[in-house]
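S.K.: No letters, just coordinates:
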């Protein structure tokens, strides 16, 4: 068996209310941006002439659009049947839980 | 049918289930070579070896966390927390992780885990070794909480708990470990989870208790009988899921109820019992439901504990008072 320890760094905001400029030194952030594996792969592929910047920009736009569509679709989903959630608590729901389900949403 | 103590009955259930089901693993602090600080796991290490009876480091989070992983890998872990008060060191693993395995996997996985822990006071042990913290765990959806009072229930409920496909916190009455003896069937049997027991039939007042407090309730019932008051004692046996029907049918008969808990009063499991009786049996009630509990202060030094946890006299006074309400 092999155990691996990996140090990671969150470059993005934790929530939209987060403001890393209040606690994160700019130099620290920039140093980790330089180590971002996605960015490094992009630079690597460009240096090898596999892709150019316009192609990467196009891919990024396509992915963003894909996510936008998926997000919109997910928002259209109806709320799940509460019976599904109640059924995942115990193998056999208790009488108490069955009663709570009958009263749920009423 | 042998006459056993509670701790002997627990030991017999563990030995029986390890023999019956090779997936059963027993682990915890001192459960192996020593056989448990209360000898609950006595003899298991010698018989089944260190691959199935495992002494682990003093880390309750790791005990509960390992139980989750082992269960998902197909084992049936029966972990011991040496005293329930120590379980808070593993609270996240038990309440936030273990209890939600089935829910988080949308029913694809379940964690067939039993966590055994002695609990309750009256044995001249310090705080955390004596606290009745059952309510902390009864509040977690997905976790069953079982609290037997007698040797035959301890064996039958432990076997049912180990075989239950979902996690069970199995609370053993520390005070009753050796004080409470009774006949225990020899072979394999289970006591169904979620079913209370009428420990004594009566007609005037229902006294509800669980774990070690059942003995207090029975003593108070004897004392009340001497004063002409007939007390029915309900031993809940399982806190989650709660046997509402047995409570309701008893109160329909008596019209009066006293709930006994060893834990401090505020937000104890007794409050859940009182609220449930009120919801189900309000129109049967002839008097307010009374509670007998410990005061809302941390567990005291041993010189004070007899006054701290409910005793038969306090239960008797509550019973008599409710007949006068």
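M.R.: Perfect, thanks for sending it. It should be emphasised that the depicted structure is a prediction, and the values quoted were computed from it without experimental measurement. Residues are numbered from 1 along each chain as shown, chains lettered A, B, ... in the order given.

S.K.: SS state for residue B:291?
M.R.: Under DSSP: H, G, I helix; E, B strand; the rest coil, the three-state class of residue B:291 is strand.

S.K.: can you pull the contacts of it?
M.R.: Residue B:291 is in contact with B:258-261, B:265, B:268, B:270-271, B:274, B:318, counting by C-beta atoms under 8 Å, 6 or more residues apart in numbering or on different chains. The way it works is simple: take the backbone N, C-alpha and C, and place the C-beta from them, glycine included.

S.K.: Using neighbour counts, trim the residues you listed to the buried set.
M.R.: B:258-261, B:268, B:270-271, B:274, B:318 (16 or more other C-beta atoms under 10 Å in any protein chain shown).

S.K.: Please name the nearest non-neighbouring residue to residue A:36.
M.R.: residue A:11 (6.4 Å; C-beta to C-beta, 6 or more residues apart in numbering or on different chains).

S.K.: What is the neighbour count of residue 10?
M.R.: Here I'm looking at chain A. 10 (other C-beta atoms under 10 Å in any protein chain shown).

S.K.: my bad, chain B
M.R.: Neighbour tally, residue B:10, other C-beta under 10 Å: 28.

S.K.: how about it, phi and psi?
M.R.: Here is the backbone geometry of residue B:10 (degrees, to the nearest 10): phi -60, psi -50.

S.K.: hang on, the earlier thing: for the buried ones among the contacts of residue B:291, give me a markdown table that also has secondary structure.
M.R.: What follows is the buried ones among the contacts of residue B:291, written out as a markdown table (three-state DSSP):
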| residue | secondary structure |
| --- | --- |
| B:258 | strand |
| B:259 | strand |
| B:260 | strand |
| B:261 | strand |
| B:268 | coil |
| B:270 | helix |
| B:271 | helix |
| B:274 | helix |
| B:318 | helix |
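
S.K.: so which of the residues you listed are also by chain A?
M.R.: The subset of the buried ones among the contacts of residue B:291 within reach of chain A, by C-beta under 8 Å from any C-beta of the partner chain, is empty.

S.K.: Would you format those residues as a markdown table with pLDDT and distance to residue B:183 included?
M.R.: Output for the buried ones among the contacts of residue B:291, formatted as a markdown table (pLDDT from 0 to 100; distance: C-beta to C-beta, whole Å):
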| residue | pLDDT | distance to residue B:183 |
| --- | --- | --- |
| B:258 | 98 | 28 |
| B:259 | 98 | 28 |
| B:260 | 98 | 25 |
| B:261 | 98 | 27 |
| B:268 | 98 | 32 |
| B:270 | 98 | 29 |
| B:271 | 98 | 34 |
| B:274 | 98 | 33 |
| B:318 | 98 | 31 |
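
S.K.: out of the residues you listed, who's nearest residue B:138?
M.R.: Lowest distance from residue B:138 to the buried ones among the contacts of residue B:291 (C-beta to C-beta) belongs to residue B:268, with 9.5 Å.

S.K.: Pretty sure that closest one sits against residue B:135.
M.R.: Yes - using C-beta atoms under 8 Å, residue B:268 is in contact with residue B:135, at 5.2 Å.

S.K.: if we can go back for a sec, next one: the residue nearest to residue A:36 from residue B:222, what distance?
M.R.: 71 Å (C-beta to C-beta, to the nearest Å).

S.K.: For the residue with the largest distance to the centre of chain A, give me its contacts.
M.R.: Going by C-alpha atoms, centre = their mean, the residue of chain A most distant from its centre is residue A:95, 37.8 Å out. Taking C-beta under 8 Å, 6+ apart, we find residue A:95 in contact with B:241, B:244-245.

S.K.: Show only the entries of those found in strands.
M.R.: Among the contacts of residue A:95, no residue falls in strands (DSSP state E).

S.K.: For the stretch 101-250 of chain B, just list every one of the strands.
M.R.: Ranges of strands in the stretch 101-250 of chain B, per DSSP state E, counting those that start in this stretch, are B:114-119, B:144-146, B:168-173, B:181-184, B:197-200, B:205-209, B:231-235, B:238-240.

S.K.: How is chain B divided into domains?
M.R.: What automatic domain parsing lists as the domains of chain B is B:2-184, B:197-324.

S.K.: and stretch B:276-285, does that touch chain A?
M.R.: No - if you take C-beta under 8 Å from any C-beta as the test, stretch B:276-285 misses chain A, and the best it gets is 8.8 Å.

S.K.: Okay, now that stretch: how far is its last residue from its first?
M.R.: 12 Å (C-alpha to C-alpha, to the nearest Å).

S.K.: same question, stretch B:224-233
M.R.: OK, stretch B:224-233 end separation, C-alpha to C-alpha: 12 Å.

S.K.: Buried residues in it, which are they?
M.R.: In terms of neighbour count (16+ other C-beta under 10 Å), stretch B:224-233 has its buried residues at B:224, B:229, B:231-233.

S.K.: Which members of these are the farthest-apart pair?
M.R.: B:229 and B:233 (12.5 Å).

S.K.: the longest helix in chain A is where?
M.R.: When chain A is parsed with DSSP state H, its longest helix is helix A:53-76.

S.K.: Heading C-terminal from it, find the next helix or strand.
M.R.: Later in the chain than helix A:53-76, the nearest helix or strand by DSSP states H and E is helix A:82-86.

S.K.: And the contacts of that next one?
M.R.: With C-beta under 8 Å, 6+ apart as the criterion, helix A:82-86 contacts A:93, A:97, A:100-101, A:104-105, B:103, B:106.

S.K.: now with 6 Å?
M.R.: A:101, A:104 (C-beta atoms under 6 Å, 6 or more residues apart in numbering or on different chains).

S.K.: And stretch A:32-51, by the same measure?
M.R.: In contact with stretch A:32-51 (C-beta under 6 Å, 6+ apart) are residues A:9, A:56.

S.K.: ok, residue B:287 touching residue B:325?
M.R.: Yes - using C-beta atoms under 6 Å, residue B:287 is in contact with residue B:325, at 3.5 Å.

S.K.: Looking at those two, which is more packed in?
M.R.: Neighbours per residue (other C-beta under 10 Å) separate residue B:287 from residue B:325, with residue B:287 holding more: 15 against 11.

S.K.: what's the spacing between the more buried one and chain A?
M.R.: Residue B:287 sits 25 Å away from chain A, going by C-beta to the nearest C-beta, to the nearest Å.

S.K.: residues in contact with that residue?
M.R.: Counting by C-beta under 6 Å, 6+ apart, residue B:287 has contacts B:256, B:322, B:325.

S.K.: cutoff 10 Å now
M.R.: For residue B:287, the contacting residues are B:205, B:255-258, B:321-325, by C-beta atoms under 10 Å, 6 or more residues apart in numbering or on different chains.
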